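Asker: Turn this into a model:
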Amino acid sequence: MLRAKKSLGQNFLVDGHVIEKIVRAVEPSASETIVEIGAGMGALTARLIDKAGRLVAIEFDADLIPKLEERFGASENFTLVEGDALRINLCDAIAPAKSARVVANLPYNISTAILQRLLEQRVCVPEMVLMLQREVVDRITAAPATSERGYLSVLVEAYAEVEKLFDVAPTAFRPVPKVWSTVIRLRTHERMAFEVKDEKLLWQLVSAGFAQRRKTIFNNLRSAPEDLRGSIETAGGAQSLLAEAFIEPRRRAETLTLEEWARLSASLENHNS
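Answerer: Residues are numbered from 1 along each chain as shown. Here you go, the predicted model:
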């Protein structure tokens with residue numbers, strides 16, 4: 001009998017009631033492609049296959065591949081992709097479909113990294129229904145000036161609308177984790193609400209701003225990584241850059257709104273273009 005691998009952060013969903021709630025939240029149609037990341041033992045896969053026009057299941061654990069092929073391989077609407085969701089190009093994996101919605105029970109140890117990867121591929125991922133550790137969801141949905149707000153909060157706010165759906169108790173999984181989970185829906189949009197020409201620069205700024213959470217935005221930018229610090233110095237230094245963007249230098253990064261981050265990035269762009 002296959003066991004969950006702690007090294008992969010596996011906790012298999014076994015609660016039928018929770019599975020049905022996820023399926024109802026997704027409401028797959030016979031005309032669409034659904035991607036399931038982390039098919040695991042196939043508990044959710046079985047319900048999605050019944051309703052989706054096509055199901056593309058991605059599984060990293062090579063030991064689970066034969067079980068999934070044996071159980072679902074005969075289904076005409078099932079495609080199994082063995083690989084790492086952090087490296088797979090979803091836009092290629094769902095071809096000939098141009099877009100697909102994603103459903104996933106994400107491993108706790110790499111959930112943040114996978115979410116960032118999904119947002120990078122938002123051109124072909126208009127919607128995601130994800131189960132994440134509840135603390136991660138708290139960070140994702142944290143508003144400005146709250147202690148939970150961080151880089152991930154700003155990133156998700158920039159590219160998606162988030163809706164909390166329901167919490168899931170640890171007893172819904174085997175093995176039983178020590179934490180609660182939360183299912184959320186993200187609807188992505190290709191462009192940010194605020195115009196940013198150099199998105200890479202924006203995220204360098206946000207990353208630097210949150211580098212040491214107890215420090216002010218001024219001190220964090222002043223000690224930014226070398227390449228970014230050079231750009232800031234070209235703009236007259238952190239103090240001048242923040243003043244130009246109408247941001248009080250004594251503030252901390254978690255107090256900044258997405259609009260303020262965009263304004264700060266635009267100011268830096270203007271000096272380095």
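Asker: how about the strands in the protein?
Answerer: Counting by DSSP state E, the chain has strands at residues 12-13, 33-37, 54-59, 78-82, 101-105, 127-133, 160-168, 173-174, 181-188.
Asker: Residue 247: which of those is closest?
Answerer: Evaluated with Cβ to Cβ, these place strand 160-168 nearest to residue 247, the distance being 24.5 Å. C-beta here means a position set from N, CA and C on the backbone, and glycine is covered the same way.
Asker: nearest to residue 90, of the strands of the chain?
Answerer: Among those, strand 33-37 comes nearest to residue 90, with 6.3 Å by Cβ to Cβ.
Asker: that older thread, so for residue 267, which of the strands of the chain sits nearest?
Answerer: Residue 267 lies closest to strand 160-168 among the strands of the chain, at 25.3 Å (Cβ to Cβ).
Asker: residues in contact with that closest one?
Answerer: Contact partners of strand 160-168, identified using Cβ atoms under 8 Å, 6 or more residues apart in numbering, comprise 15, 18, 21, 25, 119, 122, 128-129, 131, 134, 137, 140-141, 156, 180-189.
Asker: gap between the two ends of stretch 96-113?
Answerer: With Cα to Cα, to the nearest Å as the measure, the first residue of stretch 96-113 is 26 Å from its last.
Asker: no, scratch that, I was asking about stretch 123-132
Answerer: Between the opening and closing residues of stretch 123-132 we find a distance of 22 Å, counting by Cα to Cα.
Asker: So for residue 212, what's the pLDDT?
Answerer: You'll see residue 212 listed with a pLDDT of 95.
Asker: cool, and residue 3?
Answerer: 61.
Asker: and what of residue 181?
Answerer: At residue 181 the predicted local confidence, pLDDT, stands at 96.
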